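Colleague: Build the 3D model from these lines:
(chains A and B)
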2 protein chains.
Amino acid sequence: MDPRPVGVFDSGVGGLTVLHECLVTMPHEDFVYLGDHARLPYGPRPLEEVRRFAREIGLFLEAQDVKLIVVACNTATSAALPQLQGELAVPVIGVIAPEARAAVQATRNRRIGLLATQGTVDSGRYAQLVRALDAGVSFHPVACPRLVPLIESDDPYAEETEEAVREYAAPLRAAEVDTVILGCTHYPLIRPIFQRVLGRGVTLVFSAEETAREVAETLARKGIENDRAREGRYRFLTTGDPVAFREMGRRFLQLPIGEVERVTVARLEEALA
Amino acid sequence: MDPRPVGVFDSGVGGLTVLHECLVTMPHEDFVYLGDHARLPYGPRPLEEVRRFAREIGLFLEAQDVKLIVVACNTATSAALPQLQGELAVPVIGVIAPEARAAVQATRNRRIGLLATQGTVDSGRYAQLVRALDAGVSFHPVACPRLVPLIESDDPYAEETEEAVREYAAPLRAAEVDTVILGCTHYPLIRPIFQRVLGRGVTLVFSAEETAREVAETLARKGIENDRAREGRYRFLTTGDPVAFREMGRRFLQLPIGEVERVTVARLEEALA
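Modeller: Sure, this is the predicted structure:
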């Protein structure tokens, strides 16, 4: 048994969908979530910079005595996961490998699609991991640059969002994929739109669910779960504005947010110094 | 629901430990096991030859209308899995990826050992998959050329076996690994020797258990399980002597073997022709 919390981080609020699934799957565990709002979005930044930010946050969370770190962001996972794993003493789990495995297990016709940000598609990490598990899969990645802004807008369920999804899904329908990886932590918020546009015959794989499952299995296998009889706590840190975090975060977490603490970028930078 | 059987193959009887775990985990599924006794062992053969044999057997099993194929042999998995997956329409699962993942999940100090045949160690597949999941793992492979002959001998529990295990385990103890992958389907037969020699603090990961788990999850995710209320059947094919297969196989399967049917090498060769 291990009472230490699990650390989770993202550049913004998207990772809260991963935290949501963790809180529902492991109500007995404690979690600390760090959102690097002062420096978001990570997407357009050079890889080297994203790696440095991720290392700062990883070392900062490790110093908070977490037992495991979850990189709850597809961009940061594809940019920085191996470096983080190489540098930190605590185990680090990303959002890509669990989804790749789930998609290979789920597909019946061995045709898999990917909807994700440009950076995640460009990194080729999903393709690489899917092929490592099944070299015979036909893999179809599609970059969806318009989706994150639409999901963060005032009305994520607007017709414009459905039109964008329809446009991005078109090549996947043409390729007759039966399984689609939703490779961005924002996407669970518009799950019904994906399911309607892609049709009931298509299996959707979400990073939030698969990563929570991976975290639960890992804690159990390592024998470092917390006491299952207790109710866990969770808390939030942001490098940005705590009020804005609470406002936007509510929609992604779908659970009470409570107190949000501010941590300065300078303090993160000290972790690496 | 899908009533088709699962196909399992190996060069000999080792794969029966994988079948054993499948039969215990999925009593409602049908299985057909092919042992290529006429051409064993695969280990010392050129990679190209092992690949050809695996393709022949894969195509033969596919023609028997199986819904999934398990390569229940570490040598054949490391030599031929990607080629098989590329060529066959049915999904193919090997014994290496499930074990690599289990070991990464289980280790607490992120030091993992591997005990396996020379060919499996040389292929580097375990190291590659372990590092794809956790780039920070310290990985220690040890080739164990004497173990398979000892386990197939008249007295697998002889002192000589324990001495061999002690010798192969020495570098792993020195490296202070806390998790050891037993990367050969023969090894479950001497599990108590491994556990005594390596100590209670070390987690042992067996291909049989992890692969059965992977098969069960895959059938469930694809929605192609058989009716859970029924009791499954299983049957055996060998390219060698059915009597010898039954004799040696009993020890590995630890369940009734029943009828063993002979299939000629020529018939396998036709599958590829």
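
Colleague: What pairs with whichever strand or helix holds A:Leu114, parallel or antiparallel?
Modeller: Following DSSP states H and E, one finds A:Leu114 within strand A:111-116. Strand pairing for strand A:111-116, determined by DSSP bridges: strand A:138-143 (parallel), strand A:179-183 (parallel).

Colleague: average model confidence for it?
Modeller: Averaging pLDDT along strand A:111-116 yields 97.

Colleague: Export that strand to CSV, keeping only CA atoms.
Modeller: Extracted as CSV, the C-alpha positions of strand A:111-116 are listed here (Å, rounded to 0.1, in the frame of the first residue of the first chain):
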residue,chain,number,x,y,z
ARG,A,111,-8.2,-0.7,-40.4
ILE,A,112,-7.6,2.0,-37.8
GLY,A,113,-8.1,5.7,-38.1
LEU,A,114,-6.5,8.5,-35.9
LEU,A,115,-8.0,11.9,-35.3
ALA,A,116,-5.5,14.2,-33.5
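
Colleague: Out of the strands paired with strand A:111-116, which is the most enclosed?
Modeller: Most buried of these by mean neighbour count (mean count of other Cβ atoms under 10 Å in any protein chain shown) is strand A:179-183; its value is a mean of 27. C-betas here are computed from N, CA, C, even on glycine.

Colleague: After that strand, which helix or strand is next? Please name it.
Modeller: helix A:191-198.

Colleague: From the chain's centroid, how far away is stretch A:212-223?
Modeller: 17 Å (Cα atoms, centre = their mean, to the nearest Å).

Colleague: Which residues of chain A lie near chain B?
Modeller: A:81-83, A:85-89, A:91-92, A:97, A:101-102, A:105-108, A:110, A:128-129, A:132-137, A:203, A:214, A:217-218, A:221-224 (Cβ under 8 Å from any Cβ of the partner chain).

Colleague: What's the ChimeraX line that selects buried ones from those residues?
Modeller: Here is the ChimeraX command that picks out the buried ones among these, judged by 16 or more other Cβ atoms under 10 Å in any protein chain shown:
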select /A:81,82,83,85,87,88,91,92,97,101,102,105,106,107,108,110,129,132,133,134,136,137,203,214,218,221,222,224
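
Colleague: out of the residues of chain A next to chain B, which are inside helices?
Modeller: Among the residues of chain A next to chain B, DSSP state H puts A:81-83, A:85-87, A:97, A:101-102, A:105-106, A:128-129, A:132-133, A:214, A:217-218, A:221-222 in helices.

Colleague: now for stretch A:100-115, what's the gap between its first and last residues?
Modeller: With Cα to Cα, to the nearest Å applied, stretch A:100-115 spans 13 Å between its terminal residues.

Colleague: hmm, who's touching the strand or helix carrying A:Pro149?
Modeller: Assigned by DSSP H and E, A:Pro149 belongs to helix A:147-152. Helix A:147-152 has contacts (Cβ atoms under 8 Å, 6 or more residues apart in numbering or on different chains) with A:13-14, A:41, A:43, A:115, A:117, A:156, A:158, A:160-161, A:164-165, A:168, A:184, A:186-187, A:189-190, A:248.

Colleague: Would you list the buried entries among these?
Modeller: A:13-14, A:41, A:43, A:115, A:117, A:156, A:161, A:164-165, A:168, A:184, A:186-187, A:189-190, A:248.

Colleague: ok so A:Gly43 is a strand residue?
Modeller: No - A:Gly43: not assigned to a strand; according to DSSP: H, G, I helix; E, B strand; the rest coil it is coil.

Colleague: if I look at it, how far off is A:Gly119?
Modeller: Using Cβ to Cβ, to the nearest Å, A:Gly43 is found at 5 Å from A:Gly119.

Colleague: list residues touching both of the two?
Modeller: A:Thr75.

Colleague: Report the distance from stretch A:48-57 to the chain centre.
Modeller: On Cα atoms, centre = their mean, the centre of stretch A:48-57 falls 16 Å from that of its chain.

Colleague: Next, the buried residues of it.
Modeller: Here stretch A:48-57 shows A:50-57 as buried, counting by 16+ other Cβ under 10 Å.

Colleague: so of the residues you listed, which ones are in strands?
Modeller: Per DSSP state E, strands hold no members of the buried residues of stretch A:48-57.

Colleague: between these, which is nearest B:Leu198?
Modeller: A:Arg55 (34.6 Å; Cβ to Cβ).

Colleague: Could you verify that A:Val32 is part of a strand?
Modeller: Yes - assessed by three-state DSSP, A:Val32 belongs to a strand.

Colleague: how many other residues sit next to it?
Modeller: For A:Val32, the neighbour count with other Cβ atoms under 10 Å in any protein chain shown is 22.

Colleague: roughly how far apart are it and A:Thr239?
Modeller: 14 Å.

Colleague: Over to A:His140?
Modeller: 36 Å.

Colleague: Contacts for stretch A:247-261 next, please.
Modeller: Against stretch A:247-261 from outside (Cβ under 8 Å, 6+ apart): A:12-14, A:16-17, A:19-20, A:23, A:35, A:152, A:156, A:186, A:189, A:235-238, A:242, A:245-246.

Colleague: Those residues, buried ones only, as a PyMOL selection?
Modeller: In PyMOL, a selection of the buried entries from those looks like this (16+ other Cβ under 10 Å):
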select buried, chain A and resi 12+13+14+16+17+19+20+23+35+152+156+186+189+236+237+238+242+245+246
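
Colleague: Run through the residues that contact the residue lying closest to A:Gly136 once chain neighbours are set aside.
Modeller: Excluding its sequence neighbours, the residue lying closest to A:Gly136 (Cβ to Cβ, 6 or more residues apart in numbering or on different chains) is B:Gln85, at 3.8 Å. Counting by Cβ under 8 Å, 6+ apart, B:Gln85 touches A:134-137, B:91-92.

Colleague: Let me see the contact set for A:Tyr168.
Modeller: A:115, A:142, A:144, A:147.

Colleague: please redo it, this time with the cut-off set to 6 Å
Modeller: A:115, A:142, A:144 (Cβ atoms under 6 Å, 6 or more residues apart in numbering or on different chains).

Colleague: Among the residues you listed, which one sits closest to chain B?
Modeller: A:Leu115 (19.3 Å; Cβ to the nearest Cβ).

Colleague: Was I right to think the closest one contacts A:Cys144?
Modeller: Yes - the pair A:Leu115 / A:Cys144 is scored as a contact, 5.2 Å apart, by Cβ atoms under 6 Å.

Colleague: quick one on the thing from earlier: go ahead and name everything in contact with the strand holding A:Leu114.
Modeller: For strand A:111-116, using Cβ under 6 Å, 6+ apart, the contacting residues are A:103, A:126, A:137-142, A:144, A:168, A:172, A:176-177, A:179-184.

Colleague: and the helix or strand following that strand, how far from the chain's centre?
Modeller: Later in the chain than strand A:111-116, the nearest helix or strand by DSSP H and E is helix A:118-123. Distance of helix A:118-123 from its chain centroid, counting by Cα atoms, centre = their mean, is 14 Å.

Colleague: ok, now stretch A:54-62?
Modeller: On Cα atoms, centre = their mean, the centre of stretch A:54-62 falls 17 Å from the chain's centre.

Colleague: what's in contact with that stretch?
Modeller: A:7, A:9, A:34, A:69, A:76, A:80, A:84, A:88, A:90, A:268-269, A:271-272.

Colleague: how about a cut-off of 7 Å?
Modeller: A:7, A:9, A:34, A:36, A:69, A:71, A:76, A:80, A:83-84, A:87-90, A:92, A:268-269, A:271-272 (Cβ atoms under 7 Å, 6 or more residues apart in numbering or on different chains).

Colleague: If any of these are buried, put those into a ChimeraX selection.
Modeller: Buried residues among these (16+ other Cβ under 10 Å), as a ChimeraX selection:
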select /A:7,9,34,36,69,71,76,80,83,84,87,88,90,92,268,271
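
Colleague: you'd agree A:Val66 is in a helix?
Modeller: No - counting by three-state DSSP, A:Val66 is located in no helix; its state is coil.
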